[in-house]
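Novice: Structure for the following, please:
(one chain, ligands or ions: 1)
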Amino acid sequence: MRQFVFEDITSEEVARRTGVYTPLTDSVRQLLDAAIRTEVDPDTIRAAGELIDRATAMLRSAQTDGPHGVRYTADGTGMPWGNPAIGIRNAIAPPMVVTRDGDRLVADVVLGAAYEGPPGLVHGGICALLLDHILGEAASAMTGTLTLRYQRATPLGAVHLEAEVVATAGRKLTVRGSMSDADGITVTAEGIFIAPRLTMTERPDDREGP
Ligand SMILES: CCCCCCCCCCCCCC(=O)SCCNC(=O)CCNC(=O)[C@H](O)C(C)(C)COP(=O)(O)OP(=O)(O)OC[C@H]1O[C@@H](n2cnc3c(N)ncnc32)[C@H](O)[C@@H]1OP(=O)(O)O
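Specialist: Predicted coordinates:
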């Protein structure tokens, strides 16, 4: 299991990097959507592919070995930037922006063509990804068991997610949550999340993570 990675950088530097990477990821997200929906002729598709390959080579001219990792700074700011639900450097992520509302975590996300499963509807695995993430973030723990009930299909478009810890027993946290559209709940979730064996006396870079 890889470890969390400590980066000794200021919040200004985090903001600067966020400003650099966010527009790139937005562009790649637009590219994903365009690649799914384009109806241009084959020559134009080939030409676009060559341009994309050139851009990819530019980006690969300096890159990390392996994944981005879950990085954090001295003040505890997390940089899970490769995360497929919330990562600001991952175009697969919608991205979901999670905020706190009292005891609950909430997020509002727009799911477009890249998330389609049945026609016009959100893929069930995407519902599971987003719910796993928001429930896991509510618990700050590893998913042990996650149970979903797909109450009705979720149309592509705007969705709302919620999660709340409802019980704690030792390292085990029970978390409930839901996904909904404008007409109400589409998916309910309940998970058992297991907090790491970790004491606050350990140095941050000793922590193991997913
Ligand atoms: C790491 C911190 C993460 C922070 C993340 C920040 C937010 C990021 C958000 C990311 C969100 C995305 C999140 C992701 O994507 S997390 C990635 C997906 N999840 C995994 O890959 C987890 C793989 N499994 C494991 O690593 C271990 O099996 C875990 C850690 C789960 C338990 O192994 P551990 O050796 O620690 O456990 P223990 O044997 O001491 O048992 C302890 C207690 O737990 C009970 N139990 C055990 N297993 C399960 C189970 N599967 N269901 C229900 N209960 C289970 C067990 O009965 C016992 O209960 P009790 O007898 O005491 O009553």
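Novice: from here on, contacts and neighbour counts on C-alpha atoms
Specialist: Fine.
Novice: and the residue of the chain found nearest the ligand, what is it in contact with?
Specialist: The chain approaches the ligand most closely through residue 144 (3.3 Å), counting by CA to the nearest ligand atom. Counting by CA atoms under 8 Å, 6 or more residues apart in numbering, residue 144 touches 191, 192, 193, 194.
Novice: Tell me the most packed of these, by neighbour count.
Specialist: residue 193 (26 neighbours; other CA atoms under 10 Å).
Novice: Tell me the strands beside the strand or helix carrying it, with direction?
Specialist: Using DSSP states H and E, residue 193 maps to strand 184-194. With DSSP bridges as the test, strand 184-194 is paired with strand 142-150 (antiparallel), strand 172-181 (antiparallel).
Novice: Can it be said to contact the ligand?
Specialist: Yes - using CA under 6 Å from any ligand atom, strand 184-194 reaches the ligand at 192, 194.
Novice: Outside of that strand itself, list whatever touches it.
Specialist: By CA under 8 Å, 6+ apart, the list of residues contacting strand 184-194 reads 127, 131, 135-136, 139, 141-154, 171-180.
Novice: go on, stretch 9-24?
Specialist: Residues outside stretch 9-24 that contact it (CA under 8 Å, 6+ apart) are 73, 74, 77, 88, 89.
Novice: What residues does residue 164 make contact with?
Specialist: By CA under 8 Å, 6+ apart, the neighbours of residue 164 are 103, 104, 105, 135, 138, 175, 176, 177.
Novice: Tell me what it is bridged to.
Specialist: Applying DSSP bridges, one finds that residue 164 bridges with residue 176.
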